[in-house]
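Q: Got a sequence here, can you model it:
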Amino acid sequence: MQSSFFPQQCVISDSPQFTSPFAKFSASLGLLLLALLSTPAHAQSAGEQTARADHPLLMRFPDSEIVEYDRTNELNHQLVLGTLQRTRGEVVPESAERLKGRVTRIVYAIPSDYQVSDVREFFAQQLRERGDNILFSCEGRACGSSNYWANDIFKRRILYGPERNQYYLAARSNTALENDPFLALYLITRANKRLYAYVEIIESEIAVAPQTLVNEGLLAATLREKGSVMLPLVQFNTAGGGDEELDDPSALDYLVRLLRIEPEIRVYLVSHLSAPERSLESLLERSVKRAQLIKAVLLEKGIEDGRIEAAGVGPLAPSCALSDCSDRIELVLIQSE
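A: A predicted model of the protein is given here:
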């Protein structure tokens, strides 16, 4: 069994509010999805490239209308996997993946009778039913400035609105394709009360491992400013039922770089872990072991022992800025005396 510690596994509820039309047509939609996503970009006609149509991966919200649409082939598309901040005059996410493939972008205008939560649940149910892997999600001010999302990331002014009214999700779809597509969803209610849903689908034509980028400079700045930061890309492998191991120790190289560019700081490595079927004692023990595993990797990579303290709190501190993120690894700054 593999568990993932993207700082984000969050927000999709298990109690749907909608009777999903996606469930009713899942078989036929699956065949359509496989056929359309398997078609190479160069095999599509010019009319198909520009038609304002729903992407087969996601059904549109009832009675919504497409107001913007485009489809392009890109060599270096950025899929955001972390909150946004401006540093040195540039808007950057805490983490991102660089992808190559065909990118479809659709902006939907949602009827005024609905709220962001309604639209979020409608799309979330489709992802649940397909078994998609949620890579990152955030809500409200935890996402960063809406201006950054609208103008710097998506480059669509229509998506700008109050920070409290926004929601973002990135996922990798679970399809029958050899290369499962990635998707992003951004919801915003503007100051004029108009609600928009932005959908982005990234399809790779060849099997290319995505390059995950973590901005350690931005993480360090966030750690200094807020006193703590959640660590992306930390995955544990429990295959065979034995002791847990880090799935890929090299994924922590960004953390090594962070500690090297901030040589004077000391930190707690805090592991948070929840599982309703397990006892508190078991969860505390497992979370301590996970923190110690990460510390051991950092020591092997040359970080001094006295700069890191490992701790595990199990399910005792489930809250964070991203709402439901009870399973996470957190870096906490040890304040100087």
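
Q: where's the residue positioned nearest the centre of the chain, which helix or strand?
A: The residue lying closest to the centre of the chain (C-alpha atoms, centre = their mean) is Phe136, at 1.5 Å. Using DSSP states H and E, Phe136 falls within strand 133-139.

Q: Can you list the strands that that strand pairs with?
A: Strand pairing for strand 133-139, using DSSP bridges, gives strand 166-172 (antiparallel).

Q: Give me the contacts around the helix or strand that comes right after the partner strand.
A: Next along the chain after strand 166-172, taking DSSP H and E as the criterion, comes strand 182-189. Strand 182-189 is contacted by residues 57-58, 79-80, 97, 99, 115-116, 119-120, 123, 132, 135, 146, 149-150, 154, 159-162, 165-173, 195-202, 210 when judged by C-beta atoms under 8 Å, 6 or more residues apart in numbering. For every residue, glycine as well, the C-beta is placed using N, CA and C.

Q: relative to strand 133-139, how tilted is strand 182-189?
A: On the basis of axes from the mean of the first three to the mean of the last three C-alpha atoms, to 10 degrees, strand 182-189 is oriented at 20 degrees to strand 133-139.

Q: Show me what whatever helix or strand comes next after strand 182-189 is packed up against.
A: The C-terminal neighbour of strand 182-189 among helices and strands, as given by DSSP H and E, is strand 195-203. On a contact count with 3 or more C-beta pairs under 8 Å, 6 or more residues apart in numbering; DSSP states H and E, strand 195-203 meets strand 65-80, strand 95-110, helix 116-130, strand 182-189.

Q: Report the backbone C-alpha coordinates of strand 195-203 in CSV.
A: Output of strand 195-203 as CSV, limited to C-alpha atoms (Å, rounded to 0.1, in the frame of the first residue of the first chain):
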residue,chain,number,x,y,z
LEU,A,195,-19.4,32.6,-10.9
TYR,A,196,-16.9,31.0,-13.3
ALA,A,197,-15.3,27.6,-13.6
TYR,A,198,-12.0,27.2,-15.4
VAL,A,199,-11.1,23.7,-16.6
GLU,A,200,-7.7,22.7,-17.9
ILE,A,201,-6.9,19.3,-19.3
ILE,A,202,-3.3,18.2,-20.2
GLU,A,203,-2.9,15.1,-22.3
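
Q: still on that earlier bit, which one of the helices and strands packed on strand 195-203 lies closest to Arg278?
A: helix 116-130 (23.2 Å; C-beta to C-beta).

Q: Which of the residues in the closest one are classified as buried?
A: For helix 116-130, the neighbour count (16 or more other C-beta atoms under 10 Å) marks 116, 118-128, 130 as buried.

Q: And for stretch 92-107?
A: Residues of stretch 92-107 classed as buried: 92-97, 99-107 (neighbour count, 16+ other C-beta under 10 Å).

Q: just stretch 254-263 next, same as before
A: Tyr254, Leu255, Val256, Arg257, Leu258, Leu259, Glu262.

Q: Wait, the second one touches Val229, no?
A: No - applying C-beta atoms under 8 Å as the test, Leu255 and Val229 come out as separate, 10.3 Å apart.

Q: how far away is Ile329 from Ala221?
A: As judged by C-beta to C-beta, to the nearest Å, Ile329 and Ala221 stand 19 Å apart.

Q: before we move on, what about Leu183?
A: Distance of Leu183 to Ala221, given as C-beta to C-beta: 29 Å.

Q: do the same with Val234
A: 20 Å.

Q: More neighbours: those two, which one.
A: Legend: neighbour count by other C-beta atoms under 10 Å for Val234 and Ala221, higher for Val234 (24 against 16).

Q: Any idea what the more buried one is bridged to?
A: Phe5.

Q: My guess is it contacts Ile294. True?
A: Yes - when contacts are counted by C-beta under 8 Å, Val234 is listed as touching Ile294 (6.9 Å).
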